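> Pasting a predicted model and its sequence here:
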Amino acid sequence: MCQRSCVGMSNRRQWIATIAASGAMAAPTAWAAQATRQPALQPGEMSPQQALDFLRVGNERFVAGKTEAPNRDIDRLRKVAPRQTPFAAFLGCADSRVPIEIVFDQGFGDLFVTRIAGNVAATENIASLEFATQVLGAKVLYVLGHTSCGAVTAAAKGEPVPGQISALFQHIRPAVRAARGDVGAAIRENVKLQAQTLMEASTVIASLVGDKKVIVAGGIFDLQTGRVENVDVG
Ligand SMILES: [Zn+2]
């Protein structure tokens with residue numbers, strides 16, 4: 001895995017080499033050569049593990065202050081306007097400090113993002129993510145929590161809240177109980193819980209995972225460092 005040595009890498013050749021060196025791919029040489037010619041593999045050409053590595057390296061660029069801000073111009077938008085083929089789909093928190101395309105240094109057409117406070121797997125979010133994976137072909141289904149999450153904190157406190165905010169809590173309470181009220185631990189448990197819910201509540205997603213067409217992954221975005229820490233979602 002890329003540790004301190006990759007912080008500061010600035011060009012694509014270096015991070016391609018980093019991916020190849022990670023040993024995550026069956027044919028790193030072929031991958032590196034292809035990626036050199038074509039910086040962003042077409043989603044149909046990626047394995048789920050390659051898509052996950054693509055995200056990880058994008059976050060490394062962000063943390064290192066070496067973002068490429070790819071695919072963010074009008075030409076890219078026009079290119080993907082007729083048809084989208086995002087390589088990853090997200091269940092992320094609606095928090096204004098967690099803009100997922102920026103966190104992973106991606107652009108138009110790269111990520112299919114559903115965001116909801118507490119990154120909870122509500123029915124409509126599951127439906128959207130089924131569309132992203134089954135229909136659009138996203139290879140990674142990623143649940144992204146973050147430090148200082150207000151929704152998880154409020155669920156842990158259990159105090160009265162206005163309007164319909166409490167509707168979120170039913171999805172988060174099992175994680176709070178598992179963490180015995182510790183908010184930091186509850187944020188982690190919540191990522192695991194929502195990932196499990198995606199796999200158990202959706203036969204579509206379960207089938208794609210079973211066929212190894214999709215990887216379900218999880219992480220926590222640290223608001224202080226900008227780094228996404230991996231969470232094993234089993
Ligand atoms: Zn949050």
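Great, that's in hand.
> Identify each buried residue in stretch 158-170, please.
For stretch 158-170, a neighbour-count test (16 or more other CB atoms under 10 Å) marks 168-169 as buried. C-betas here are computed from N, CA, C, even on glycine.
> Least confident secondary structure element in this protein?
Using mean pLDDT, DSSP states H and E, helix 28-37 stands out as the lowest-scoring helix or strand of the chain, at a mean of 36.
> Which strands or helices does the following helix or strand past it pack on?
Later in the chain than helix 28-37, the nearest helix or strand by DSSP states H and E is helix 48-63. Applying 3 or more CB pairs under 8 Å, 6 or more residues apart in numbering; DSSP states H and E, one finds that helix 48-63 contacts helix 12-21, strand 88-92, helix 100-103, strand 140-146, strand 215-221.
> cutoff 10 Å now
In terms of contacts (3 or more CB pairs under 10 Å, 6 or more residues apart in numbering; DSSP states H and E), helix 48-63 is packed against helix 12-21, helix 28-37, strand 88-92, helix 100-103, strand 140-146, strand 215-221, strand 228-231.
> Each with direction, which strands does the third one pair with?
Here strand 88-92 has these sheet partners by DSSP bridges: strand 111-115 (parallel), strand 140-146 (parallel).
> rewinding a little: out of the helices and strands packed on helix 48-63, which gets the lowest mean score?
Here the lowest mean pLDDT among the helices and strands packed on helix 48-63 goes to helix 28-37, at a mean of 36.
> Which residues are in contact with the spatially most central residue of the chain?
In the chain, the C-alpha nearest the mean C-alpha coordinate belongs to Tyr142, at 3.7 Å (CA atoms, centre = their mean). Each residue near Tyr142 by CB atoms under 10 Å, 6 or more residues apart in numbering is listed here: 51-52, 55, 88-92, 100, 104, 111, 113, 119, 129, 191, 195, 215-219, 228, 233.
> Go ahead and confirm Ala175 touches Leu193.
Yes: between Ala175 and Leu193 there is a contact under CB atoms under 10 Å: 4.6 Å.
> For those two, list the residues in contact with both.
120, 186.
> burial of Gln84, as a residue count?
Using other CB atoms under 10 Å, Gln84 has 15 other residues around it.
> Could you tell me how far it is located from Val204?
Distance, Gln84 to Val204, using CB to CB, to the nearest Å: 18 Å.
> ditto for Arg173
From Arg173 across to Val204, the span is 26 Å (CB to CB).
> So which bits of the chain are right by the ion?
Within the chain, the positions near the ion by CB under 5 Å from the ion are 93, 95, 149, 151.
> any idea whether the residue sitting furthest away from the middle of the chain is helix, strand or coil?
Here the chain reaches farthest from its C-alpha mean at Pro160, the gap being 31.2 Å by CA atoms, centre = their mean. At Pro160 the chain is in coil, as set by DSSP: H, G, I helix; E, B strand; the rest coil.
> Same list (the strands paired with strand 88-92) but as CSV, adding distance to Met199.
Formatted as CSV, those follow (distance: least, CB to CB, whole Å):
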stretch, distance to Met199
strand 111-115, 16
strand 140-146, 9
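> top helix in the protein by residue count?
Identified as the longest helix of the chain according to DSSP state H is helix 183-201.
> Might you list the low-confidence residue ranges for the chain?
For the chain, the stretches flagged by pLDDT under 70 are 1-41.
> Could you rerun that using 50?
Along the chain, segments meeting pLDDT under 50 span 1-39.
> Please tell me how far Glu60 sits from the ion.
Separation of Glu60 from the ion (CB to the ion, to the nearest Å): 23 Å.
> for Gly219, that is, sorry about that
Between Gly219 and the ion the computed distance is 13 Å (CB to the ion).
> which residues sit in contact with that residue?
So Gly219 contacts 55-56, 59, 92, 103-104, 142-146, 191, 227-231, 233 (CB under 10 Å, 6+ apart).
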